[in-house]
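*Asks:* take this sequence and fold it.
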Amino acid sequence: MISNFLPANAQHAIDTLTTQNAKAVDLKAGTQIDARISSINQQKTEILLSIGNKRTDVIVHNETSKSQQQANQLQSGQNLKLLITKPYPQAEFKILVADQKQKDSPTLKTKAQLADPAPKAPLTLKAAEQNKPRNNLTTLQTASHVKNPHLSKLSVDQKITASVVNNNKNLTLKLFTPQAVTLEFSKSNLAKGINSVSLQVIKSGEHPQFKLLPTPTPEESINNALKELLPKEQSTSLLLNQLVKNLAQNENVSETLKRLAQDILRNLPTKQQLTESSQLKKNIDNSGLFLEAKLAQSESKPASNLNLDLKAKLTQLVNALQQDKGVVEKNTASLELQTKSEGALARLVLNQLKSLPQDEANRQVWTVELPFVDKKQAKSLQIQIEEENHKNAEQDNKTWSATLSLEPPNLSPLHCKISFFNGTVHANFWSETGKTTQIIEGNLDYLSERFEAIGLKPGNLNAQQKKHTEADIINPKHNQPLFNDNA
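*Replies:* Numbers count the residues shown, from 1 in each chain. Model prediction:
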């Protein structure tokens, strides 16, 4: 069973998911450290750099033309390996690049002066600790007069999230099963100031009984999610092709499972539909990325608003397979279906974690997987959408970009980042093989013409051969990427 590690109230997650207990970083000459570019100006001369759990402004200095070329390729969100050449009073760093001389690498110098650390006590960059209220274990019993069909579908040991509506005389919770169900319980020992809780079903039926679990900190939620979800995650297309091939012909599967499978497959867009702006917007909205936000907005909205949501459907499918556990365990195809269903749901929750705001107030990234049908085969499109605000004395400007991962027929995987800023569109393509890169390079002029034909001003268009790396998530505990491409 996949647990939903995101807090029930999406806005509460945004407010509370802050970096804490970061590991200290020694600033000593000759030490190599990891850093991340939070933001960089257009001239590539000033960077807001994240080191450990500290952000500092640095100025870029270039001693050679090669250094300038490397500086021009720096971009927001990029991870760097730095060599400390001078720790204080103004720290200086060299960007390390394999097989390149240090003099040909940009030098980064902090704008602010740093205090000289005490002997044998290196300068540390560390976040302040936060004390979170915790609740004790307690049992909640559904009142006998309560009648709700969604409650009878819950199974023993199932974990669900709930938002706290009221915690005064009585405790009122809005449970997400995934349908929103509001229940009132007699007074519990839940601590004040808690906005969302986790429940575990200890008795099923029309009037289920719940165990109120300790409220995890945001740090614990993410760590628990990674431990469970990373080993399970799979592309949604693997599940969908399994449904297409096996489920409709499998007589041992319940009608509930068949209906859920048909609902999921029926709502898949075609490849052509994803090229239409209105359809693309609709599919991103129903990708499952925003399910908790929809549920938290209002329980008064019609249920049809969630009928097309992929995470809601995947959750129902996983729960249905769990309820048919006896049948599933005796059937190899059903076991495979359960594994792929939980894998697809795990991938979706990990994308939600990637999309939670980080410590950069001017930048937001959404990571989404969009399944679609092409020639009777289910495929998926990976998209990372980024919004970044650039404020200056005259006006506020926004840079919008989208990073796509594609698998063209007879070619190696292709990745593209398209950016739009000040009325100009830029496109950067990359692939791990020279053949794919050469084909793209040979068609850049055509792409420029197509941009102009639809009223867009083409900017920098290029293609290069390099390894693809995913955007990193910062781990609140260790301030290290949750997804390490070198692992």
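*Asks:* biggest strand in the chain, by residue count?
*Replies:* strand 377-391 (DSSP state E).
*Asks:* return the alpha-carbon coordinates of that strand using CSV.
*Replies:* Taking Å, rounded to 0.1, in the frame of the first residue of the first chain, the C-alpha atoms of strand 377-391 are listed here in CSV:
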residue,chain,number,x,y,z
GLN,A,377,0.6,2.1,-27.1
ALA,A,378,0.6,4.0,-23.8
LYS,A,379,3.6,6.4,-23.5
SER,A,380,4.5,9.2,-21.2
LEU,A,381,5.9,12.7,-21.5
GLN,A,382,8.1,14.2,-18.7
ILE,A,383,7.7,17.9,-18.3
GLN,A,384,9.3,20.3,-15.8
ILE,A,385,7.8,23.7,-15.8
GLU,A,386,9.6,26.6,-14.1
GLU,A,387,8.6,30.1,-13.2
GLU,A,388,11.2,32.6,-12.1
ASN,A,389,10.7,36.2,-11.2
HIS,A,390,13.3,38.8,-12.1
LYS,A,391,12.7,42.1,-10.2
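*Asks:* sheet-wise, list the partners of that strand with their directions.
*Replies:* Applying DSSP bridges, strand 377-391 is found paired with strand 363-374 (antiparallel), strand 396-406 (antiparallel).
*Asks:* tell me the confidence at the residue nearest the centre of the chain?
*Replies:* In the chain, the C-alpha nearest the mean C-alpha coordinate belongs to K354, at 1.9 Å (CA atoms, centre = their mean). Looking at K354, its pLDDT reads 86.
*Asks:* now it. Nearest residue, chain neighbours left out?
*Replies:* T367 (4.1 Å; CB to CB, 6 or more residues apart in numbering). Glycine gets a C-beta too; all of them are placed from N, C-alpha and C.
*Asks:* quick one: contacts for the one you found?
*Replies:* 351, 354-355, 382-384, 471 (CB atoms under 8 Å, 6 or more residues apart in numbering).
*Asks:* go again using 10 Å as the cut-off
*Replies:* With CB atoms under 10 Å, 6 or more residues apart in numbering as the criterion, the residues that contact T367 are 289, 350-355, 382-386, 403, 470-471, 473.
*Asks:* any chance of a PyMOL selection covering the buried ones in these?
*Replies:* Only the buried entries of the contacts of T367 go into this PyMOL selection, using 16 or more other CB atoms under 10 Å:
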select buried, resi 289+350+351+352+353+354+355+382+383+384+385+386+403+473
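*Asks:* quick revisit: where's the residue nearest to the centre of the chain relative to L280, distance?
*Replies:* Noted for K354: a distance of 20 Å to L280, by CB to CB, to the nearest Å.
*Asks:* does L108 belong to a helix or a strand, and which?
*Replies:* strand 107-110 (DSSP states H and E).
*Asks:* same thing with I59?
*Replies:* strand 54-61.
*Asks:* mind listing what's buried along the helix or strand just after that strand?
*Replies:* For strand 54-61, the succeeding helix or strand toward the C-terminus, using DSSP H and E, is helix 65-72. Buried positions in helix 65-72, judged by neighbour count with 16+ other CB under 10 Å: 66-67, 70-71.
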